[in-house]
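K.L.:
What shape does this take:
(chains A and B)
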Amino acid sequence: MKAGKLCIRAVSFLLSAAMLLPLCCVKAGSAMKAGQDCIDLIKEAEGFSQYKYWDYSQWTIGYGTGVGADEYPDGITEKEAEQLLKDAIGTYEDYVNKFADKYDIELKQNQFDALVSLSYNMGNIWSVYDDFDLKNYLIDGSEKHSFLEIAKGFGEWRKAGGSVLQGLVNRREEETKLFLSDRTDSKSEIWRVNTESGINLREDAGTSAEKSGFLMYNTIYEVTEKKMCDGSLWGKTYADGKEQWCVLDFSKYMVGGPIDYEGGSENTGKSEKWRITSENGVNLREGPGLGYKSLGVLDYKTEFTVTNTVEADEHIWGKTKYDNKDGWVALTYAERVSDQEFEAAVLTEIYIKSEPEKTKYHEGDMLSLEGIEVVAKYSDGTEKTVTDFTVDGYQPTAGEYDVVVTYMEKTAKFKVTVSEKQLKKIEITTPPTKTVYKQGEALDTTGMVVEAVYDNESREEITDYSVGELDSTAGTKTIPVEYKSFKAYFVVEVSEKQMTKLVITRLPDKTEYVLGQQLDLTGMIVYAYFDNGSKNQVTAYSFDGFNPQIEGVQTITIAYNGFRQSFDVTVSEPDMYELPGDVNDDGVRDIFDLVLLNRFINEGREEFPSERVYLADINGDGLYDQKDIDALSRIVSEQ
Amino acid sequence: MKRKTAVLVAAAIMTGSVSPVNASAQDAPAIYINAGYGAECETTEIEVNIRNNTGMSAFSIEVDYDPRALYFMDAEQGDALNGGTFYCNSDYSDNAIRLVWSDSRNQTADGTAAVLKFRPSYGTAETETPVTLGYSVIADDLSEAEFEKSDGSLKIAREIKRGDVNDDGKVCVSDVVSLNMYLLNAKEDALSYTCQANAEVNGDKAVTAEDSAMILNYVCMIIKEL
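P.N.:
Numbers count the residues shown, from 1 in each chain, chains lettered A, B, ... in the order given. Model prediction:
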């Protein structure tokens, strides 16, 4: 048990002096003077400056005493500075005396000293305005108010220039102790959060208890119960309307108490004889620290047995029993008289008592130390769970790592495994900007953001995905986005494209006809244009306007989807009338033509001039088929 | 009875036959009319046949007949032609029937190229009416193929009672005797067209010893019908 961590590191001479001074009461109306406690407190807090310096609003020298700009150009001695301080304090003594007179307050010397110190540092504004609690407590009778209220009352004066200054925090703390040093009515202890990161409040003592609140740095709070848990001392406090617990390792004891707790004074089983060397004697205190209440004084040369030692408040404290009272003595003012020695416990090693709950990670995961318990082992066999260790060696990339835990240059390690993160799904976090289309428009995924979601819940934007195609039909379309077999979807609306015009981009190969020839549109290219800017070649158009029996220019009109376009062809008389069916061009239609026609139609054998192929279309239906054979057979047989 | 039948059969086999074809050379390509016999006012078929076919891709055959004796009813493609397009004119006011057939393939089968159906007119019994033909045949190489041509004639009976060679109203061994005698000497033991038509029972449109044998087999109850 390292009680030293539990106790405030106060300035030893301050409380020693406070202890030795008589606790005198001064009636209001009588002019009180600041005692040496006040002088010492101010000197300790202000520090000595041989030369003047600019302190916020004035030139200052010595122990924080204000002087004119031209005074002490060569500096000042400590003796001169103390006298200057005493002279300057007079003003503040007057403030406090007048305040006490006005409200008929009977101040004790320690209270007076604390208030003079406060005034010397902050002025007397605390005594002027009603919304400062300290003033009201004093008027009301400070003894009616708890240690916590008094501590917080002083604590209202910890700012300079708008910011809380640690120097002022410490100074108010000392003034609080001085102000309350005559009171013994507190069963609770007053603590102040001493870590900049603040401390958690939990529903019960122990790190496994549920978190229930938080105390910020320098928060002053009251501890009503203490107990050891998880190797640390925990205090119960009242915050946010309920009782909660916090570990006291990160707070500083201010005043009050002490509160006994189980395991607070463990006997190591060893003992040795000591003797008091201070002629003034030494206080036997309830706990190992200057803040603990004095249970009595061990006189000069008194011998006592020490059964345990701890370090606190810049002293080694020995646990002893004197005058049937268990207590602690500052061994600074004693000497060892036995041969036995207490060796200062030396940290020999640390080990990991419980590994973190999580030792298997995925890429990108942050290291979690939840559940880890690191124990420091000392040369005297004692062990302590430590939390202010550092860790190193973890990397959020795939692999196996030895994570090294370091505490006081001792190391221990545990293994973690970081596996490749597994893709769990993909998500379209931002759909494409364009979600409304006309038929035939190309899909545009500009603006779309696709993220890969991994099994460790990490995400990363991906771009090498594939996107499904937008078909040519109208309607609501669900477009798949695929990445490594995972799919996500977005929806677009496709409205029907509207045809705007019909264009013949190329005329038919044949525009000159002879009478009887059928219209041949081979080679003609026709496009339908749409309002989405697209165009489609169309072939399913209808046409009219052609009569193979009429000579002259004829306008052929093609029609598609309600749009029409026209072009001209010329029908003229043939140089010599051609007999349909006379494919061999012998001027008659006979079985020779029939044979050729059969072979042409049934076997594709074109055994007659190609320019006479059209004559094989005997019936003029535009087709070459059995009907033409039949027709020619009929012609041959009937003629 | 059995011995007599055997004698008659032997006699029949020994006799010659009356051929309807006047082919000058049996192995030359020929196209000919096979008319045979018909009965007055009854539909009868006249065949246009091909023999020793050297190959053809088309033909045009013109058939002439006496419209006073025959009434043309229809024409059909014969079974010697495998497919192709067969057409017969519908206007035969000039008393000519034009049969046109063509195919993309070369066809070489022998047999019936076309079957013409006629109905002999009333009052034409026991007369013979000619049926003649003209032709043009296109070979596979688009040349005109040469065929010997043979016309034919139709002999018209009053009515036809198959097997009743002597026209006595029944079919018995005397019909076989009458037929055999005709086959031996047609002039002396001439048969009327009606009797000849009755004698032609095997359907080859000619009266031969085979018809005699067939009638004999019928009489002997070797076959049950003619």
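K.L.:
how about the helices in the chain?
P.N.:
Went with chain A since none was named. For chain A, the helices defined by DSSP state H cover A:12-20, A:36-46, A:78-103, A:109-122, A:133-140, A:147-155, A:166-180, A:591-603, A:626-638.
K.L.:
that answer is for a different chain, and I need it for chain B
P.N.:
Going by DSSP H, chain B shows helices at B:2-14, B:173-184, B:193-199, B:209-219.
K.L.:
rewinding a little: would you mind finding the most buried of the helices of chain A?
P.N.:
Of all the helices of chain A, helix A:109-122 has the most neighbours on average by mean count of other CB atoms under 10 Å in any protein chain shown, namely a mean of 26. Just so you know, the C-beta spots here come from the backbone N, C-alpha and C atoms, and that holds for glycine as well.
K.L.:
Identify all contacting residues around that helix.
P.N.:
A:18, A:21, A:23-26, A:32, A:34-35, A:37-38, A:41-42, A:45, A:64, A:88-89, A:92-93, A:95-96, A:99-100, A:107, A:126-127, A:138, A:142, A:154, A:157, A:168, A:171-172, A:174-176, A:178-179, A:181-182 (CB atoms under 8 Å, 6 or more residues apart in numbering or on different chains).
K.L.:
quick one on the thing from earlier: need the helices of chain A in TSV (columns: mean pLDDT and distance to B:Y182).
P.N.:
Listed next are the helices of chain A as TSV, based on pLDDT from 0 to 100; distance: least, CB to CB, whole Å:
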stretch	mean pLDDT	distance to B:Y182
helix A:12-20	30	172
helix A:36-46	86	170
helix A:78-103	87	177
helix A:109-122	88	168
helix A:133-140	87	163
helix A:147-155	89	160
helix A:166-180	88	158
helix A:591-603	92	42
helix A:626-638	91	41
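K.L.:
Output the ones you listed as TSV; include the columns distance to A:E512.
P.N.:
As requested, the helices of chain A are exported to TSV (distance: least, CB to CB, whole Å):
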stretch	distance to A:E512
helix A:12-20	125
helix A:36-46	119
helix A:78-103	125
helix A:109-122	116
helix A:133-140	115
helix A:147-155	112
helix A:166-180	108
helix A:591-603	24
helix A:626-638	24
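K.L.:
so which of those helices gets nearest A:T207?
P.N.:
Among these, helix A:147-155 comes nearest to A:T207, with 25.8 Å by CB to CB.
K.L.:
Convert the C-alpha atoms of that closest one to CSV, please.
P.N.:
Only the C-alpha atoms of helix A:147-155 are listed here, as CSV (Å, rounded to 0.1, in the frame of the first residue of the first chain):
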residue,chain,number,x,y,z
PHE,A,147,-15.3,21.4,4.6
LEU,A,148,-16.4,20.9,1.0
GLU,A,149,-18.3,24.2,0.9
ILE,A,150,-15.3,26.1,2.4
ALA,A,151,-12.9,24.5,0.0
LYS,A,152,-15.1,25.3,-2.9
GLY,A,153,-15.6,28.8,-1.5
PHE,A,154,-11.9,29.4,-1.7
GLY,A,155,-11.8,27.6,-4.9
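K.L.:
angle of it against helix A:166-180?
P.N.:
Angle between the axes of helix A:147-155 and helix A:166-180 is 140 degrees (criterion: axes from the mean of the first three to the mean of the last three CA atoms, to 10 degrees).
K.L.:
surely A:D444 meets A:K434?
P.N.:
Yes: counting by CB atoms under 8 Å, A:D444 does reach A:K434; the two are 4.7 Å apart.
K.L.:
who touches the residue lying closest to B:K205 once chain neighbours are set aside in this structure?
P.N.:
Spatially, and ignoring its direct neighbours in sequence, B:K205 is nearest to B:G36 (2.7 Å; CB to CB, 6 or more residues apart in numbering or on different chains). Taking CB under 8 Å, 6+ apart, we find B:G36 in contact with B:P20, B:T44, B:I46, B:L154, B:K155, B:E200, B:D204, B:K205, B:A206.
K.L.:
Now do B:G36 against B:Q77, distance only.
P.N.:
Note on B:G36: its distance to B:Q77, by CB to CB, to the nearest Å, is 19 Å.
K.L.:
Against B:Y65, how distant is B:K155?
P.N.:
14 Å.
K.L.:
With A:D299 instead?
P.N.:
Distance of A:D299 to B:Y65, given as CB to CB: 173 Å.
K.L.:
So if I had to pick from those two, which one is more boxed in?
P.N.:
B:Y65 (25 against 12; other CB atoms under 10 Å in any protein chain shown).
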